[in-house]
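Engineer: Quick check, what structure comes out for this input:
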Amino acid sequence: MKHFFKTPFITVLFLGSLLSCSSDETTTETTSDEKISSSLINKIIETAASTNDIDIINFECDREVTLVGHFINNQGDYYGPFNTPLPKWDERILSSKEHAFSMTGIKFTNDDYFIDLIFDFNGGFGILQSKENMIDYFQDCSFEGDIKFFPEIGPITVSEINYSCSGKAKYYIDVADDDVYITNDPIPLSGGINAVEEALLAHNTANNSTYSLDELRINSVEFISPGGTTSFAIGKPQMVNYFEDCVLDRNTNDCINFTYPLVMNKINLQTDEIVPITITNDSELTQDFFDQFENLTIVYPITLRTLNYDIIVVESNEELENVLTDSATFCTDDDW
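Structural biologist: Have a look, this model is predicted:
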């Protein structure tokens, strides 16, 4: 049986508005004749290929759904889960960051936000939990796919636990569609497999049962992050991530995004003809740039957008590389 996620969700609502700005200034296009460096090539491809969960949200969907998510930063600090009604997402995500800071002392950013599932309260109860289903929903706002009625968490077995890591976990046995825990309190990982064997023996003796280590499962691990916060790896993907190197790694940074369309000039080496190429999305940028970068030059200025909705205009290869190199600094939120 898959383990059901029973953590209560926070339901504080706030009113607010999303500000937008425009400019009537005219800009002059220029083409950089500089050869694009290999380091800039890698940063452009990495930026275009990285996708933050915020980027998949279609705020035009008018369905009354609620997103359940969590924060996790690059050093493994965790806060969650919490819920954000889609129509009030901007206000609710800000209040969640403020509450997380009051509880942990960590300033989480938009880049640290990850969606766990989507609740639908319109026309019947349902949950979308897989990333593929969530992406499909935001593409056409149609609540379809593998709809569940309870959130589910995949467990791991004892053999998948790295006992060199710090933390503690509660072990259970899936018995007749129910979870039977062998102890009331979590068992520290520092005790190794011997501590688990002793707890299982005590449980079997007290209950006249014969369960084995192979039947034990865990669905979360509590640990102290490098930043000193009480953090959790919940569900199989996060636990596998944590036990790989004892850090809940993210390995992604999507604080900067290109805005489209943008134009590059392709040079025909045989005729010296310059052919403009219009790029309309990240996929085209990664594919065209990767295949043809040696013959491409960038038409400036180009516009970048941060996850905090700030606009950055760059006008040269050097400026672009500097911004992409320091992209993490654009995830900071100075509004609170």
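Engineer: Relative to its centre, which residue of the protein is most distant?
Structural biologist: When distances to the mean C-alpha position of the chain are computed (CA atoms, centre = their mean), the maximum falls on residue 271, with 45.9 Å.
Engineer: That one in helix, strand or coil?
Structural biologist: coil (DSSP: H, G, I helix; E, B strand; the rest coil).
Engineer: So what does it look like in phi/psi?
Structural biologist: Dihedral pair for residue 271: phi -110, psi -10, per degrees, to the nearest 10.
Engineer: Then residue 143?
Structural biologist: The phi/psi pair for residue 143 (degrees, to the nearest 10) reads phi -80, psi 90.
Engineer: what's the neighbour count on it?
Structural biologist: For residue 143, the tally of surrounding residues (other CB atoms under 10 Å) stands at 20. Yep, even glycine has a C-beta here, placed from its N, CA and C like the rest.
Engineer: where does the stretch 51-200 of the chain dip in pLDDT?
Structural biologist: Applying pLDDT under 70 to the stretch 51-200 of the chain flags the ranges 122-124.
Engineer: Mind doing that once more with 90?
Structural biologist: 51-56, 59-64, 72-81, 86-92, 103-113, 120-125, 129-132, 135, 139-154, 174-179 (pLDDT under 90).
Engineer: residue closest to the middle of this structure?
Structural biologist: Central residue of the chain (CA atoms, centre = their mean): residue 114, at 3.6 Å.
Engineer: and it, helix, strand or coil?
Structural biologist: Going by three-state DSSP: residue 114 is strand.
Engineer: ok, now the one 4 residues further on?
Structural biologist: Classification of residue 118 by three-state DSSP places it in strand.
Engineer: Surely residue 223 forms part of a helix?
Structural biologist: No. Checked against three-state DSSP, residue 223 lies outside a helix; its state is strand.
Engineer: Chain neighbours aside, what residue packs nearest to it?
Structural biologist: Distances taken as CB to CB, 6 or more residues apart in numbering put residue 167 closest to residue 223, at 3.3 Å, once the chain neighbours are dropped.
Engineer: Okay, strands next: where are they in the stretch 151-300 of the chain?
Structural biologist: 152-153, 156-157, 168-169, 172-175, 178-181, 187-188, 216-218, 220-224, 230-234, 256-258, 262-267, 274-279, 296-300 (DSSP state E, counting those that start in this stretch).
Engineer: Tabulate the ones you listed (CSV), appending mean neighbour count and distance to residue 72.
Structural biologist: Output for these, formatted as CSV (neighbours: other CB atoms under 10 Å; distance: least, CB to CB, whole Å):
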stretch, mean neighbour count, distance to residue 72
strand 152-153, 18, 16
strand 156-157, 17, 18
strand 168-169, 19, 18
strand 172-175, 16, 24
strand 178-181, 13, 25
strand 187-188, 16, 23
strand 216-218, 22, 19
strand 220-224, 19, 13
strand 230-234, 22, 8
strand 256-258, 21, 19
strand 262-267, 17, 31
strand 274-279, 13, 31
strand 296-300, 19, 33
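Engineer: Brilliant, that's me finished.
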